[in-house]
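Chemist: show me the folded form of this:
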Amino acid sequence: MSAPISPTACLAKALSRTGTTAVLTAAALAGSLLAPGMAPPANAAAVAMEALHVAAAKRGSPYQYGATGPYRFDCSGLTLYAFRQAGRRLPRTAAEQYDGTRHIPASSRAPGDLVFFHYGDDVYHVGVYAGDDEIWHAPHTGARVRLEHIWTRSVWYGRVS
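Modeler: I've put the predicted structure just below:
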């Protein structure tokens with residue numbers, strides 16, 4: 001008979017095998033099974049990571065102005081689609097999405113946050129922050145969804161709650 005494994009060791013083992021998102025999802029499901037009728041509050045970080053994974057999975061999808069997926073996207077259509085798949089609703093345009101998020105400083109940004117490109121007070125583009133100063137986005141006509149380095153310092157960050 002083997003010795004019991006501590007909860008911390010069990011969690012570390014699960015994280016190394018399946019990844020953080022899968023473990024968080026399993027924990028949420030387990031919590032709702034242990035307390036039926038008491039759904040746990042959705043973890044904003046887990047939702048953001050799921051949206052990031054959805055956006056990344058759309059790599060190579062063609063840009064089309066006004067498109068919201070699932071096969072073609074414009075910039076805000078990609079973010080709208082990614083967060084919808086993760087269980088959150090966003091407004092349609094980049095500017096409306098900026099107005100609908102909690103604004104955060106660059107020092108607090110995390111993967112899954114939204115990156116808003118602006119000229120003065122006008123937001124004109126949005127992508128999903130991937131870490132390391134990179135975003136997943138649908139850049140422009142003739143391009144495809146891709147991971148790209150943030151090319152300007154004229155950006156604001158927003159967190160979907």
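Chemist: which stretches in this structure count as helices?
Modeler: 7-18, 20-34, 44-57, 75-85, 94-99 (DSSP state H).
Chemist: which other helices and strands does the last one contact?
Modeler: The one in question is helix 94-99. With contacts defined as 3 or more C-beta pairs under 8 Å, 6 or more residues apart in numbering; DSSP states H and E, the packing partners of helix 94-99 are helix 75-85, strand 114-119, strand 122-131, strand 155-159. Just so you know, the C-beta spots here come from the backbone N, C-alpha and C atoms, and that holds for glycine as well.
Chemist: same thing with the fourth one?
Modeler: Helix 75-85 makes packing contacts with helix 44-57, helix 94-99, strand 122-131, strand 134-137 when contacts are defined by 3+ C-beta pairs under 8 Å, 6+ apart.
Chemist: the same query, at a cut-off of 7 Å, please.
Modeler: Here helix 75-85 touches helix 44-57, helix 94-99, strand 122-131, going by 3 or more C-beta pairs under 7 Å, 6 or more residues apart in numbering; DSSP states H and E.
Chemist: let me have these in TSV, extended by mean neighbour count, distance to residue 149 and mean pLDDT.
Modeler: Supplementary listing: the helices and strands packed on helix 75-85 in TSV, determined by neighbours: other C-beta atoms under 10 Å; distance: least, C-beta to C-beta, whole Å; pLDDT from 0 to 100:
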stretch	mean neighbour count	distance to residue 149	mean pLDDT
helix 44-57	20	15	97
helix 94-99	18	19	98
strand 122-131	20	10	98
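Chemist: okay, those in JSON lines with distance to residue 64 next?
Modeler: Converted to JSON lines, the helices and strands packed on helix 75-85 look like this (distance: least, C-beta to C-beta, whole Å):
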{"stretch": "helix 44-57", "distance to residue 64": "16"}
{"stretch": "helix 94-99", "distance to residue 64": "16"}
{"stretch": "strand 122-131", "distance to residue 64": "15"}
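Chemist: compare these and give me the one nearest residue 157.
Modeler: Evaluated with C-beta to C-beta, those place strand 122-131 nearest to residue 157, the distance being 7.1 Å.
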